[in-house]
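Student: All I have is the shape, not the residue letters:
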């Protein structure tokens with residue numbers, strides 16, 4: 001047997017300020033993965049698979065950040081779904097990735113890779129897996145529902161896990177008037193390090209205020225209530241602690257607001273900074289340029305790109 005499948009999966013920005021481990025937004029930076037299998041499927045655990053991984057684009061370095069062995073997250077997604085179906089590939093799997101999603105920058109590269117593996121694996125093994133099961137598998141592998149859910153389903157997502165089992169998703173769309181700028185520094189920040197920066201406990205009042213903001217933030221992003229966005233996206237649960245890992249973070253946020261951004265937040269666990277503007281591409285680019293110059297004064301090189309939301313999510317686009 002020789003079969004191949006191609007998947008396209010968007011990256012994401014998560015948290016969106018106070019929506020810590022809750023909100024995510026799929027963005028139009030894409031991972032394209034082709035998986036070709038040679039051999040046949042057997043009972044799980046009875047055979048070994050030969051893995052060949054090739055990668056282009058983001059993550060290739062220098063330094064190279066995407067592993068080219070069975071620790072690659074696309075491979076982990078393939079293994080997870082085949083194992084769940086009780087299968088192993090007796091043969092060779094060739095994975096070719098082409099990525100536009102920066103790695104270790106808070107733009108969902110890990111979640112997109114896992115989703116790509118899950119989608120490709122389900123088609124190649126003809127496994128009967130519904131979307132809820134795919135979401136649960138992706139969360140089990142990656143750990144963050146706000147990260148993987150937008151890459152799988154697209155759009156603006158609120159995600160919650162109930163009792164470590166049931167996953168609840170609410171899907172919306174970012175208002176069409178909003179434009180997104182991403183300022184991406186040449187600084188890698190691992191999720192592990194960013195998690196370790198967080199306190200074990202927060203004040204009760206901080207938790208209440210954050211909860212209040214998140215409820216209204218989702219609605220404001222959907223309905224285009226620009227006048228409230230700056231206040232609603234100001235975070236007190238995670239950004240003040242992660243700011244210590246990112247040079248001039250508070251200055252950068254102040255610059256963004258002072259030069260016309262309607263909202264600014266740390267993308268995922270960072271270090272990418274997202275600015276949201278109701279206006280023109282020129283306006284977004286101007287705001288981002290101020291941040292690039294400020295980071296440069298700290299000796300940090302960065303790049304700014306204008307991105308948009310993705311409302312389709314991950315998909316299989318070609319099978320042979």
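Tutor: Yep, that arrived. Computed from a prediction, not measured in an experiment: that's the story for all the values here. Numbering: from 1, shown residues only.
Student: Low-confidence stretches in the protein?
Tutor: Applying pLDDT under 70 to the chain picks out residues 164, 319-320.
Student: so where's the longest helix in it?
Tutor: In the chain, assigned by DSSP state H, the helix with the most residues is helix 204-223.
Student: Tell me how far that one lies from the chain's centre.
Tutor: 21 Å (C-alpha atoms, centre = their mean, to the nearest Å).
Student: try stretch 303-318
Tutor: Distance of stretch 303-318 from its chain centroid, counting by C-alpha atoms, centre = their mean, is 11 Å.
Student: one step back: show me what whatever helix or strand comes next after the longest helix of the chain is in contact with.
Tutor: With elements assigned by DSSP states H and E, the helix or strand that comes after helix 204-223 is helix 226-232. Identification of contacts with helix 226-232 by C-beta atoms under 8 Å, 6 or more residues apart in numbering yields 17-18, 177, 213, 216-217, 220-221, 257, 262-264, 276, 278. The C-beta positions use only the backbone N, C-alpha and C, and glycine is treated the same way.
Student: between the residues you listed, which is closest to residue 315?
Tutor: Closest approach between the contacts of helix 226-232 and residue 315, by C-beta to C-beta: residue 221, at 23.7 Å.
Student: ok, the closest one touching residue 13?
Tutor: No: using C-beta atoms under 8 Å, residue 221 is not in contact with residue 13; the gap is 11.6 Å.
Student: Please identify the buried residues of stretch 32-39?
Tutor: Burial within stretch 32-39, assessed by neighbour count using 16 or more other C-beta atoms under 10 Å, is assigned to 32, 33, 34, 35, 36, 37, 38, 39.
Student: Distance from the chain centre to the one helix or strand the fourth one maps to, please.
Tutor: Translated: residue 35. Using DSSP H and E, residue 35 sits within strand 23-43. Distance of strand 23-43 from its chain centroid, counting by C-alpha atoms, centre = their mean, is 14 Å.
Student: by how many degrees do it and helix 204-223 diverge?
Tutor: Put simply, strand 23-43 runs at 90 degrees to helix 204-223, going by axes from the mean of the first three to the mean of the last three C-alpha atoms, to 10 degrees.
Student: Quick one: list the elements packing against strand 23-43.
Tutor: Contact here means 3 or more C-beta pairs under 8 Å, 6 or more residues apart in numbering; DSSP states H and E; on that basis strand 23-43 packs against strand 2-14, helix 73-84, strand 87-99, helix 109-124, helix 145-153, strand 156-162, helix 204-223, strand 302-307.
Student: among these, which is nearest residue 48?
Tutor: strand 87-99 (7.6 Å).
Student: got the angle for the longest helix of the chain vs strand 156-162?
Tutor: Using the same axes, to 10 degrees: helix 204-223 against strand 156-162 is 140 degrees.
Student: Buried ones in helix 204-223, by neighbour count?
Tutor: Going by neighbour count (16+ other C-beta under 10 Å), the buried part of helix 204-223 is 210, 213, 214, 217, 218, 220, 221.
Student: related to what we said a few turns ago, the helices and strands packed on strand 23-43: which one's closest to residue 50?
Tutor: Nearest of these to residue 50, taken as C-beta to C-beta: strand 87-99 at 4.2 Å.
Student: Just the buried positions in that closest one, please.
Tutor: For strand 87-99, using 16+ other C-beta under 10 Å, the buried residues are 87, 88, 89, 90, 91, 93, 95, 96, 97, 99.
Student: What of stretch 180-197?
Tutor: Neighbour counts over stretch 180-197 (16+ other C-beta under 10 Å) mark 180, 181, 182, 183, 184, 185, 187, 189, 191, 194, 197 as buried.
Student: Any idea how far apart the tips of that stretch sit?
Tutor: Stretch 180-197 has its terminal residues 27 Å apart, counting by C-alpha to C-alpha, to the nearest Å.
Student: what's the answer for stretch 128-147, then?
Tutor: 24 Å.
Student: Identify all contacting residues around it.
Tutor: Here stretch 128-147 makes contact (C-beta under 8 Å, 6+ apart) with 12, 14-15, 19, 21-24, 73, 76-77, 80-81, 84-85, 108, 110-111, 114-115, 118-119, 122, 148-149, 151-153, 157, 159-161, 167, 169, 191, 268.
Student: Quick check on these: which are buried?
Tutor: For those, a burial check counting by 16+ other C-beta under 10 Å picks out 12, 14-15, 19, 21-24, 73, 76-77, 80-81, 84-85, 108, 110-111, 114-115, 118-119, 122, 148-149, 151-153, 157, 159, 161, 167, 169, 191, 268.
Student: how's this structure carved up into domains?
Tutor: Using automatic domain parsing, the domains assigned to the chain come out as 2-172+309-319, 178-307.
Student: Now the residue nearest the centre of the chain: closest residue in space, sequence neighbours ignored.
Tutor: Centroid-nearest residue in the chain: residue 108, 2.0 Å away (criterion: C-alpha atoms, centre = their mean). Excluding the flanking residues, the one nearest residue 108 by C-beta to C-beta, 6 or more residues apart in numbering is residue 12, at 3.5 Å.
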